[in-house]
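# Any chance you could fold what I've pasted below:
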Amino acid sequence: QTFTAWCNSHLRKAGTQIENIEEDFRDGLKLMLLLEVISGERLAKPERGKMRVHKISNVNKALDFIASKGVKLVSIGAEEIVDGNVKMTLGMIWTIILRFAIQDISVEETSAKEGLLLWCQRKTAPYKNVNIQNFHISWKDGLGFCALIHRHRPELIDYGKLRKDDPLTNLNTAFDVAEKYLDIPKMLDAEDIIGTLRPDEKAIMTYVSCYYHAFSGAQKAETAANRICKVLAVNQENEQLMEDYEKLASDLLEWIRRTIPWLENRAPENTMQAMQQKLEDFRDYRRLHKPPKVQEKCQLEINFNTLQTKLRLSNRPAFMPSEGKMVSDINNAWGGLEQAEKGYEEWLLNEIRRLERLDHLAEKFRQKASIHESWTDGKEAMLQQKDYETATLSEIKALLKKHEAFESDLAAHQDRVEQIAAIAQELNELDYYDSPSVNARCQKICDQWDNLGALTQKRREALERTEKLLETIDQLYLEYAKRAAPFNNWMEGAMEDLQDTFIVHTIEEIQGLTTAHEQFKATLPDADKERQAILGIHNEVSKIVQTYHVNMAGTNPYTTITPHEINGKWEHVRQLVPRRDQALMEEHARQQQNERLRKQFGAQANVIGPWIQTKMEEIGRISIEMHGTLEDQLNHLRQYEKSIVNYKPKIDQLEGDHQQIQEALIFDNKHTNYTMEHIRVGWEQLLTTIARTINEVENQILTRDAKGISQEQMNEFRASFNHFDRKKTGMMDCEDFRACLISMGYNMGEAEFARIMSIVDPNRLGVVTFQAFIDFMSRETADTDTADQVMASFKILAGDKNYITVDELRRELPPDQAEYCIARMAPYNGRDAVPGALDYMSFSTALYGESDL
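From the prediction side, this is the model:
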């Protein structure tokens, strides 16, 4: 495969190739063609016949040519090649490769195989992981091939990305790059190299030799080119020096030619700036432009001498500059330049001093003119503006003050205008070069000054005229404001009063409002006259504005009330008057109805109220007076209660009238002192009092019957209670009760009285009712049961025991009362107790409040 590829790499130059190395060389034609291509020589004419003898003849011609190149062919004959002997054919091709591809390699006195190996080692020495020691295993990882390519063509392979552990990629990369860019055919197979323990040495040498020839050919061309370049570089350098001399000499002479007329020019300038610029240019010439030229002149001479020396050393003829560019020509031109410099600087300084005076005057003129023009800038526009047309009176007065200040300032600038004219005259006399512009500027300033004076006078007149008109208008405005403000307040008050929601409760109040309203209507004609007078003032202002074309800047400064607003409010007042009339009429009718309700309620209340009071007094007398027995008093009271209850319809009728009053929102009634609340409270007290009095009499009857008190004793108790009830309230206070007891024979200290008070006044209210008094007196005078008596009775039922049993209670007492006692008696806990024993002692004590029941 390798030998086939190697042969094809040469045969393709002749436009052919082989497919099978043992078959395609059998006729000797392509073998002879291969030798011609490799050697570059012509071989004997080949036989074109197809017989074996023709083929052997052609192969022998090829073998004879190989032998003529000093190669010994051992055991290789034409017959073996013609017969297609693979071993002999490959041996022959290897001999050709050794002779024409490897034998001519020479590196440091080594040749052929050793020279090729040394060349590979030298080229790959700088690369890591590459160690070429032979032509077999040293190339298995592919880095050797890649290193050879990168050494000569680094742009083809990025060597830094290659890895030693990836030989397949390395080998294919080298083979592909060599084939594509170096015209080296792919003679080896990467998989075969990797898969073989020891790659074929001949194949590797054949392929590597192609690298050598590819790169060594370029090296020889480079050496030859370098030799030519070296010779040409010397000539080019000499020619460049000649061109540089010619150019430098031409530039220097041209500069001298241009500079001498500039130095010889003595034409004066008109301005100080121009002369100073000339002086500055001359100084720049001496400081910046001439020194480099001096250096160029020196360098020119050095270059000329160096060039002549190089030409002489390189056996070239001496250099002869163009005509007029000899060193001597340049020296002569330089002498003329230095001659022109003399006196130029002195002339410049004299001219500068001459122009200094004129420039000073011109600058003074410009400064004063600029100051004046700066001051006058905008003054004409200011004087021509008509700001006074829209100004107020105070603003007009301020504008007049400001104008007076401007007039003073204008007079102060008169002196500067005169100075400007004087300087312009002096510049004209000294024949200043820019006199036309100075004169034009001076004339413009004078004309403007005259115009400012005229405009100043015109503005003063306009301001004074406007001031007089505005003062008149201001007086009218002030008069308008003085009269409009109170009139406006009157109208606002009138509108407020006319729209005010009134609340009245009597017919007199509504009559008062109606009278006040009629009085207000009587003032409307005079108010209308005042309105027309105020509007007349405003019309006078409008007339002045239209007559004298005054452009008012704003409204009346003294008031915000406008005629439109006055007319609007006046019209509103006129509309509100009839509405107020209607409202007052409606309210008058309502108050008449309310008055009828008041009288109706008052008439009934004035009857019912005294009736209730009379009944209350009668009940009090009945409870105090003692007419007949308690039963007679009880019957009398019940008849009285019936008559009171029969009076209820009148109370209900009064409630109906009161409801109508409330719905009409009537809060007071001068026709009666009684309110419905008074009537209700009196009625409820009357019902309560008659019921309480009846209950007291019933309780007195119960007490009398229970205690065995006679009617005479009851009358005596009532007489004593009534006597000491000094306030006639049906109750005695503590002191009255003490006096009553003393009158009845009680002799007691404070402790005893306190005990009695706790009995008759358990709630500690400080008063004693007749019922409490009767209970106390009946307890003191009658035979009553005590806790000890009840306890002795229970002991009899218990058979003289300290306890009583449930069976004994149910046997001796009625069922209800027996169960009552059983439910409330505590168990007996004495030492003699039996099951079911109850404590009747503590129960008896509890019945009378001496312990808990």
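# then stretch 422-430 to CSV, C-alphas only?
The C-alpha trace of stretch 422-430 is given here as CSV (Å, rounded to 0.1, in the frame of the first residue of the first chain):
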residue,chain,number,x,y,z
ALA,A,422,-12.5,112.8,20.1
ILE,A,423,-10.5,109.6,19.8
ALA,A,424,-12.0,108.9,16.4
GLN,A,425,-10.9,112.4,15.3
GLU,A,426,-7.3,111.7,16.5
LEU,A,427,-7.2,108.4,14.6
ASN,A,428,-8.3,110.2,11.5
GLU,A,429,-5.6,112.8,11.9
LEU,A,430,-3.0,110.0,12.3
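# What lies in contact with that stretch?
By Cβ atoms under 8 Å, 6 or more residues apart in numbering, the residues outside stretch 422-430 that reach it are 357-358, 361-362, 364-365, 368, 435, 438-439, 441-442. In this view, the C-beta of every residue, glycine as well, is placed from N, C-alpha and C.
# Which stretches in the stretch 651-800 of the chain count as helices?
Applying DSSP state H, counting those that start in this stretch to the stretch 651-800 of the chain gives helices spanning 676-707, 711-724, 734-743, 750-760, 770-781, 787-797.
# Also the stretch 251-400 of the chain?
Using DSSP H, counting those that start in this stretch, helices in the stretch 251-400 of the chain cover 272-284, 290-313, 327-341, 344-376, 379-384, 393-412.
# right, and those - which one's nearest residue 794?
With distances scored as Cβ to Cβ, the stretch of the helices of the stretch 251-400 of the chain nearest to residue 794 is helix 393-412 (118.0 Å).
# helix or strand right after the closest one?
helix 414-429 (DSSP states H and E).
# Now tabulate the helices of the stretch 251-400 of the chain in CSV and tack on mean pLDDT, mean neighbour count and distance to residue 194.
Converted to CSV, the helices of the stretch 251-400 of the chain look like this (pLDDT from 0 to 100; neighbours: other Cβ atoms under 10 Å; distance: least, Cβ to Cβ, whole Å):
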stretch, mean pLDDT, mean neighbour count, distance to residue 194
helix 272-284, 81, 15, 79
helix 290-313, 86, 14, 61
helix 327-341, 86, 14, 76
helix 344-376, 83, 15, 90
helix 379-384, 85, 14, 101
helix 393-412, 86, 14, 108
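# any chance of these in TSV, plus distance to residue 481?
Shown next, in TSV, are these (distance: least, Cβ to Cβ, whole Å):
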stretch	distance to residue 481
helix 272-284	69
helix 290-313	90
helix 327-341	92
helix 344-376	43
helix 379-384	34
helix 393-412	14
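# With residue 158 as the reference, name the closest of those helices.
helix 290-313 (46.2 Å).
# ok, and what's touching the closest one?
237-238, 241-242, 244-245, 248-249, 251-252, 255, 316-319, 321, 327, 330, 334.
# ok, now how distant is the closest residue to residue 478 other than its chain neighbours from residue 476?
Nearest non-adjacent residue to residue 478, counting by Cβ to Cβ, 6 or more residues apart in numbering: residue 558, 5.5 Å away. Distance, residue 558 to residue 476, by Cβ to Cβ, to the nearest Å: 10 Å.
# between those two, who's got more neighbours?
For residue 558 versus residue 476, neighbours defined as other Cβ atoms under 10 Å are more numerous around residue 476 (19 against 15).
# Just confirm the more buried one contacts residue 536, I think it does.
No: Residue 476 lies out of contact with residue 536 (Cβ atoms under 8 Å); the separation is 10.1 Å.
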